[in-house]
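**Q** only geometry, no sequence info:
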């Protein structure tokens, strides 16, 4: 009987962990800017071989304004984060310690903010250590995947443009 209960408990843990990540897709719409006409961002969270890591894939498509003579852009930005950042637990811990040095990024907690009907969002900053990009994200536990309802992604050295920020908001 104990073995049966242990097997049920392990199965439940595995099912819950995969459930957190398997249905982890959110879609953001990008705000128009002087260069960007429109765009979207599909954020998915996947498990990796390391059970302590969540791989965040941000697939993007950007339709540039015709007058920029810049071709439309698409691609994927991939970033690994601690698995705790698929749940509020990771954000609450970050709120307590204020800064986490994780592999190739530094993660900072910048307090709580309200966005639309999402109250008390955790505002975090993720800075790539090589200086390539940084992101400000607003996390809310009611949203799947990364839980990010608003994101500002800044690329620091785009050829012929320099520093450029893209703002994306969750599609409701």
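**A** Happy to help now that I have it. Because the structure is predicted, anything quoted here is derived from the model rather than measured.

**Q** Can you point out the helix or strand that includes the nearest residue to residue 25 once chain neighbours are set aside?
**A** Nearest residue to residue 25, sequence neighbours excluded (Cβ to Cβ, 6 or more residues apart in numbering): residue 44, at 5.0 Å. C-beta: built from backbone N, CA, C; applies to glycine. Here residue 44 sits within strand 36-47, counting by DSSP states H and E.

**Q** That strand pairs with which strands?
**A** strand 25-30 (antiparallel), strand 53-64 (antiparallel) (DSSP bridges).

**Q** same question for the longest one, mean pLDDT?
**A** When you say that, I think you mean strand 53-64. Mean pLDDT, strand 53-64: 93.

**Q** Might you report the residue contacts of the residue positioned nearest the centre of the chain?
**A** Closest residue to the average C-alpha location of the chain: residue 146 at 4.9 Å, with Cα atoms, centre = their mean. Residues counted as contacts of residue 146 (Cβ atoms under 8 Å, 6 or more residues apart in numbering) are 24, 26, 43, 45, 56, 81, 85, 86, 137, 139.

**Q** any idea how far it is from residue 81?
**A** 8 Å (Cβ to Cβ, to the nearest Å).

**Q** joint contacts of these two?
**A** Shared contacts of residue 146 and residue 81, counting by Cβ under 8 Å, 6+ apart, come down to residue 56.

**Q** Okay, and the beta partners of the residue nearest to residue 91 when sequence neighbours are not counted?
**A** Nearest residue to residue 91, sequence neighbours excluded (Cβ to Cβ, 6+ apart): residue 122, at 4.1 Å. Judged by DSSP bridges, the bridge partners of residue 122 are residue 112, residue 139.

**Q** can you check residue 151 too?
**A** residue 137, residue 168.

**Q** That one and residue 133 touch, don't they?
**A** No - counting by Cβ atoms under 8 Å, residue 151 sits too far from residue 133 to count as a contact (11.5 Å).

**Q** Could you say which helix or strand holds residue 153?
**A** strand 148-158.

**Q** per-residue confidence averaged over that strand?
**A** In this model, strand 148-158 has a mean pLDDT of 92.

**Q** which residues are in contact with it?
**A** 26, 28, 41, 43, 58, 77, 115-116, 118, 121, 131-140, 143, 163-170.
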